[in-house]
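Trainee: Coordinates for the following, if possible.
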Amino acid sequence: MKRAFLSLTLSLLLVASVRAQSPYTSSYFPLVNKAELAIADSNYRAALDFYKRAFASVPRGFARDYFNAMACAAATGDGARTIDCIDTLLSLGADPRYLKEQPSLAALLHLTRNKDLEQHLNARVRPDGQRIAMTSLFDSLAKIDQEFRRKEGSYRVYGDTIRKIDSLNIVLIRKIIDSAGFPGERMTGISQPRSNGLPANIVFVHHCQSLSLPKGKGKYNFKSDFIQAVDEGRMDPFDFARLLAMQNDQGFQLGTITAEVYSYGGLTSAYMVNPFTAAAITVIDSIRLSHGLARLEDSYRKMAFALKNPRAKEFAMGNYGSVSYFPLETREEYDNLVKYLRPL
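Mentor: Numbers count the residues shown, from 1 in each chain. This is a model prediction of the structure:
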């Protein structure tokens, strides 16, 4: 068993070391990680500096990162930087009404010397016809994905129909990838920058989940498309890791970044995470870093911020706020899990 683990470890480390990294995986995502850690430490000026360096390292950043830079600039009272970020977000398709509702902008909006901020938020942005068309297309894919799943009987009654629709959706998405590249937020824009920027996210979720089942054998695996999309800045590494986990892909030792809460009777655990061994963490972190993901410990720090700090609501840190709740049937089961897992 140890020999098999060692072999797997060496092969994964070799893959990580020989794979050429893009500016996104080598510079942008690591700098964004540092910025998010600075946010968790309430060091908004440092976070702004990391974001500035991240945006300068690639042709285009992600909307959620410009959103966080905007919130940091507002927190430091930097109206000019705040406006710069707002203008970028508007160009990426952000809804100005949505931005005006953000708590991070409340203080600046109430200062009379920041009338410029209100003018930018009230600006009319010309709709991008191509983005509107692509958004409509992916919205239709998501809608048809849900139509029969939500009908009474769902899979039991409409299983064949659902599987046929899923197959057609994937065929269309593959055609889009072949002709225009991976469908990230740059293809459709993103009206609410704190949300997931992956168009037709639910279609990818259901497809990847199906790959973990016996009937999933032979289905198309988007793993190589995901890797390329991350390298090209079309896909957030978080989505890459999340979707691979859904298809139960053991080829990448990514590690979990979902907190778990267990309960029995009147007992409720703290937020718990997996206590990986030092050897496992070495492998996990090597693979994570090569694909733009943060080290496990960095992810756990950001999880703690997202779940425990009230100021997290001012930032786009929802990726780290995922929690799974498990009611248990026995006290022994509860005690064993709480003893084995580590609190966040």
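Trainee: Quick check: the gap between L92 and T277.
Mentor: 41 Å (Cβ to Cβ, to the nearest Å). Just so you know, the C-beta spots here come from the backbone N, C-alpha and C atoms, and that holds for glycine as well.
Trainee: Compare these two (neighbour count), which wins?
Mentor: L92 (23 against 9; other Cβ atoms under 10 Å).
Trainee: check contacts around the nearest residue to that one once chain neighbours are set aside.
Mentor: Closest residue in space to L92, ignoring its immediate chain neighbours: A63 at 4.9 Å, by Cβ to Cβ, 6 or more residues apart in numbering. A63 sits next to L89, L92, G93, A94, E185, I190, P193, G197 when contact means Cβ atoms under 8 Å, 6 or more residues apart in numbering.
Trainee: what's the burial count for the residue nearest to the third one when sequence neighbours are not counted?
Mentor: Excluding its sequence neighbours, the residue lying closest to G93 (Cβ to Cβ, 6+ apart) is G189, at 2.4 Å. Counted with other Cβ under 10 Å, the neighbours of G189 add up to 22.
Trainee: From the contacts of A63, list just the buried residues.
Mentor: L89, L92, G93, A94, E185, I190, P193, G197 (16 or more other Cβ atoms under 10 Å).
Trainee: Hmm, F204 is touching L243, no?
Mentor: Yes: the pair formed by F204 and L243 meets the contact definition of Cβ atoms under 8 Å, at 5.8 Å.
Trainee: anything in contact with each of these two?
Mentor: F222.
Trainee: what about the stretch 101-250 of the chain, any weak spots by pLDDT?
Mentor: Residues of the stretch 101-250 of the chain meeting the criterion pLDDT under 70: 111-114, 124-127.
Trainee: Start from the N-terminal end of it and give the helices.
Mentor: Secondary structure of the stretch 101-250 of the chain (DSSP state H, counting those that start in this stretch): helices located at 106-109, 115-121, 129-147, 154-180, 185-188, 201-211, 223-231, 237-246.
Trainee: Geometrically speaking, which residue is the centre of the protein?
Mentor: The residue lying closest to the centre of the chain (Cα atoms, centre = their mean) is F238, at 3.8 Å.
Trainee: show me the residues around that residue that make contact.
Mentor: F238 neighbours (Cβ under 8 Å, 6+ apart): I257, L293, N319.
Trainee: And A245, by the same measure?
Mentor: L254, T256 are the contacts of A245 under Cβ under 8 Å, 6+ apart.
Trainee: do you know how far it is from G216?
Mentor: 15 Å.
Trainee: Same question for V273.
Mentor: 28 Å.
Trainee: more crowded one of these two?
Mentor: V273 (21 against 15).
Trainee: thinking again about what came up before, now flag whichever of the contacts of F238 is closest to D139.
Mentor: Comparing these against D139 with Cβ to Cβ places N319 closest, at 22.0 Å.
Trainee: how many other residues sit next to that closest one?
Mentor: 21.
Trainee: The chain should start at 44 in everything you say after this.
Mentor: With 44 as the first residue, the last one maps to N362.
Trainee: separation between the nearest residue to it once chain neighbours are set aside and S306?
Mentor: Leaving out its chain neighbours, the residue that sits closest to N362 by Cβ to Cβ, 6+ apart is F281, at 4.7 Å. F281 sits 27 Å away from S306, going by Cβ to Cβ.
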